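Trainee: coordinates only, sequence not included:
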């Protein structure tokens, strides 16, 4: 990144166009060619391969900047895992959200045993530098193994009926998986979903819990932070 709020070094398109393309791709269920078409309608001629490169490079950077601006998470964490089929092989997407539905982190692994659960717990604790008061998971025993070793003082509730918040957070991933016709590798899935969960969530507050005025203020704040962290000069 550069301190210049109008351009990125080595890129001929203005920062505003690049950040807008990344925003379109991650916030809406659009393909790269869809984003190319939307930009073309506005007189911006760019190939979908260029947009792919923008999303790959800047998506992770923008997500990391948004993650640093994220408020302290809630004290109840909901954890869940869902399968992903990548090149015919079964993988698992581990996800943690707090009681407000904010995604804390994700990790793609090819196992869901105790070692995989501990790896995910260590990633969460290293990234957040904060321990919860309560963990809520489904009945997978791997969570108990990791909790007893890494978070023995944290209360753990295990029930298939208490974890809807984490299970519902997988829905955007499923939509993007269908749009992208499945992920091509575990590395690609990890890279994309790490950025997607952060950028998508930044613009998707829990609208059903807000008044219209509260939602508009939250939306305005989200756009202001996005402009700051993507180095785009606000109009």
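Mentor: Now that the structure is in, tell me what you want to look at. Just so we're clear, the structure is a prediction, and the values are computed from it rather than from any experiment.
Trainee: Would you mind pulling the contact partners of the helix ranked longest in the chain?
Mentor: Under DSSP state H, the helix in the chain containing the largest number of residues is helix 48-69. Contacts to helix 48-69, defined as CB atoms under 8 Å, 6 or more residues apart in numbering, come from residues 1, 8, 18-19, 21-22, 25-26, 31-33, 35-36, 39, 127, 191-192, 194-199, 202, 225-226, 229-230. In this view, the C-beta of every residue, glycine as well, is placed from N, C-alpha and C.
Trainee: Find the residue at the geometric middle of the chain.
Mentor: The centroid of the chain falls nearest to residue 197 when counting by CA atoms, centre = their mean (1.3 Å).
Trainee: Next, the contact list for that one, please.
Mentor: By CB under 8 Å, 6+ apart, the contact list for residue 197 reads 63, 95, 103, 106, 172-173.
Trainee: same check, this time on residue 120
Mentor: 79, 94, 96, 105, 107, 109, 146.
Trainee: For it, give its distance to residue 166.
Mentor: For residue 120, the distance to residue 166 equals 12 Å [CB to CB, to the nearest Å].
Trainee: so what sits against both of these two?
Mentor: 79, 96.
Trainee: Out of the contacts of residue 120, name the ones that lie in helices.
Mentor: Per DSSP H, the subset of these in helices is residue 146.
Trainee: So which of the contacts of residue 120 sit within strands?
Mentor: If you go by DSSP state E, the contacts of residue 120 have 79, 94, 96, 105, 107, 109 in strands.
Trainee: Double-check that residue 136 belongs to a strand.
Mentor: Yes - under DSSP: H, G, I helix; E, B strand; the rest coil, residue 136 sits within a strand.
Trainee: from memory it sits against residue 77, does it?
Mentor: Yes - using CB atoms under 8 Å, residue 136 is in contact with residue 77, at 7.1 Å.
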